[in-house]
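**Student:** quick one, what's the 3D model for this:
(chains A and B)
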Amino acid sequence: EAGVAQSPRYKIIEKRQSVAFWCNPISGHATLYWYQQILGQGPKLLIQFQNNGVVDDSQLPKDRFSAERLKGVDSTLKIQPAKLEDSAVYLCASRPQGIRTEAFFGQGTRLTVV
Amino acid sequence: AQSVTQPDIHITVSEGASLELRCNYSYGATPYLFWYVQSPGQGLQLLLKYFSGDTLVQGIKGFEAEFKRSQSSFNLRKPSVHWSDAAEYFCAVGTTTSGTYKYIFGTGTRLKVLA
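**Tutor:** Numbering: from 1, shown residues only, chains lettered A, B, ... in the order given. Just a heads-up that it's a prediction; the model follows:
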């Protein structure tokens, strides 16, 4: 079974530039999460999709971050404009239906803003 | 509010020694608990999970964890550590809020293994 795919693996941009990350979840997983992991910290939830609808974006800085999940499959996370403090690893995860399930994570995209 | 605390930021053990990583959670209902491991440059890999039943759960790579409701703890253990176990370990709780299910992570414990 293929895992969660993310691209790119690494990205370096200057502050005020824009950047986009892509995620392809495990086939059939209805729930998709984007987490931000700052160095030395645990992952923090940015946004959660159920199929193609947003169910939780309370921690997403909506003035600069946006995300979409078209057709309930792939998802993109965008930052525009980026700030230095956005430097982090962005993790995508998906989960099958049911409460007694775990999230499956991709390898992440490491973003460095200079 | 739900939270997960991992009190040890760094732990160093010698290869072959036993290991215990601590995790305490705060959650009003029955918790669903997880331990994930993250090697450098990698995503998170599930080690083990607890939903209900036997409070001692076995995971991959020889790890086990014990759920203690009275102490709100879910500590991870391994009897004999291997050099390849050096990584960062995250405890997480699965929570249901307003019909949505999400995971809250601790800040992680970085494990160093001495040869």
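
**Student:** spatially nearest residue to residue B:115 (excluding sequence neighbours)?
**Tutor:** Among residues not flanking residue B:115 along the chain, residue B:15 sits closest, at 5.7 Å (CB to CB, 6 or more residues apart in numbering or on different chains). (Each C-beta comes from the backbone N, C-alpha and C, glycine too.)

**Student:** around chain A, pick out the residues from chain B.
**Tutor:** B:4, B:6, B:32, B:34, B:36, B:41-46, B:49, B:51, B:90, B:94, B:96, B:99-108 (CB under 8 Å from any CB of the partner chain).

**Student:** rerun that using 7 Å as the cut-off
**Tutor:** Listed as neighbours of chain A in chain B under the rule CB under 7 Å from any CB of the partner chain: B:32, B:34, B:42-44, B:46, B:49, B:51, B:90, B:96, B:100-103, B:105-108.

**Student:** what lies in contact with the helix or strand of chain B with the lowest mean pLDDT?
**Tutor:** Using mean pLDDT, DSSP states H and E, the weakest-scoring helix or strand in chain B turns out to be strand B:100-105, at a mean of 90. Residues from elsewhere that reach strand B:100-105 (CB atoms under 7 Å, 6 or more residues apart in numbering or on different chains): A:42-43, A:45, A:48, A:55-56, A:99, A:103, B:2-4, B:90, B:92-95.

**Student:** which pair in these spans the largest distance?
**Tutor:** Maximum pairwise distance among these (CB to CB): 22.6 Å, between A:55 and B:90.

**Student:** so what's residue A:5 bridging to?
**Tutor:** residue A:24 (DSSP bridges).

**Student:** helices and strands around the helix-or-strand element of chain A with minimal mean pLDDT, which ones?
**Tutor:** Sorting the helices and strands of chain A by mean pLDDT, DSSP H and E puts strand A:53-56 at the bottom, at a mean of 93. Here strand A:53-56 touches strand A:44-50, strand B:100-105, going by 3 or more CB pairs under 7 Å, 6 or more residues apart in numbering or on different chains; DSSP states H and E.

**Student:** for that strand, which positions count as buried?
**Tutor:** residue A:56 (16 or more other CB atoms under 10 Å in any protein chain shown).
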